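Q: when you get a sec, could you give me coordinates for this:
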Amino acid sequence: MAVDKNMPILIVDDYKTMLRIIRNLLKQLGFTNVDEAMDGGETLTKLRSAEFDLVISDWNMEPMTGLQLLKEVRADNTLKKTPFIMITAESKTENVVAAKEAGVNNYIVKPFNAATLRTKLSSVIGNF
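A: Model (predicted):
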């Protein structure tokens, strides 16, 4: 089945510049239905009030980290199956392991480009 490029995607980062970069990369890949949140609390509110087919979240945010957000999503029965990709500037093995244990679907290390994003997205939502 083909991937719906109009699928609702929620991107989460506490830096507007990073949100813009991720949004532009998704646009380059043909995705048109992108919403954004600037912290974990806002993300959970949006996830509980609308349906999203994918969350792409930064790891390093305040006051709730991306890892804490992921754990909250996985603990919520209505959200726990939502595909979740974590983005971080750190490629520490313990971070990757912690994210995997918490149920992340994939992991992207900054800096990244559209090709990297396409590969990671394909492994989570299918080829497009």
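Q: what about the most centrally placed residue in the chain, is that helix, strand or coil?
A: Nearest to the geometric centre of the chain sits residue 56, at 1.1 Å (CA atoms, centre = their mean). Secondary structure state of residue 56, per DSSP: H, G, I helix; E, B strand; the rest coil, is strand.
Q: which ones are touching it?
A: Shown in contact with residue 56 (CB atoms under 8 Å, 6 or more residues apart in numbering): 9-12, 22, 85, 87. (C-beta placed from N, C-alpha, C; glycine too.)
Q: among the residues you listed, which ones are in strands?
A: Members of those lying in strands (criterion: DSSP state E): 9-12, 85, 87.
Q: who wins for neighbours among the residues you listed?
A: Highest neighbour count within these: residue 12, with 28 neighbours (other CB atoms under 10 Å).
Q: that residue and residue 99, how far apart?
A: Residue 12 sits 14 Å away from residue 99, going by CB to CB, to the nearest Å.
Q: and what of residue 28?
A: Taking CB to CB, one finds residue 28 at 25 Å from residue 99.
Q: next one: residue 35
A: 22 Å.
Q: between these two, tell me which one has more neighbours.
A: Taking other CB under 10 Å, residue 35 and residue 99 do not tie; residue 99 has more neighbours (22 against 14).
Q: low-scoring pLDDT stretches of this structure, where are they?
A: 1 (pLDDT under 70).
Q: one more time with 90
A: 1-2, 90-92, 128 (pLDDT under 90).
Q: out of the contacts of residue 56, which comes closest to residue 47?
A: Of all the contacts of residue 56, residue 47 sits closest to residue 10, with 6.8 Å by CB to CB.
Q: was I right about that closest one contacting residue 52?
A: Yes: if you go by CB atoms under 8 Å, residue 10 and residue 52 touch, sitting 4.5 Å apart.
Q: common neighbours of those two, please.
A: 35, 46.
Q: not counting its neighbours along the chain, what's nearest residue 78?
A: Closest residue to residue 78 apart from its sequence neighbours, by CB to CB, 6 or more residues apart in numbering: residue 48 at 7.5 Å.
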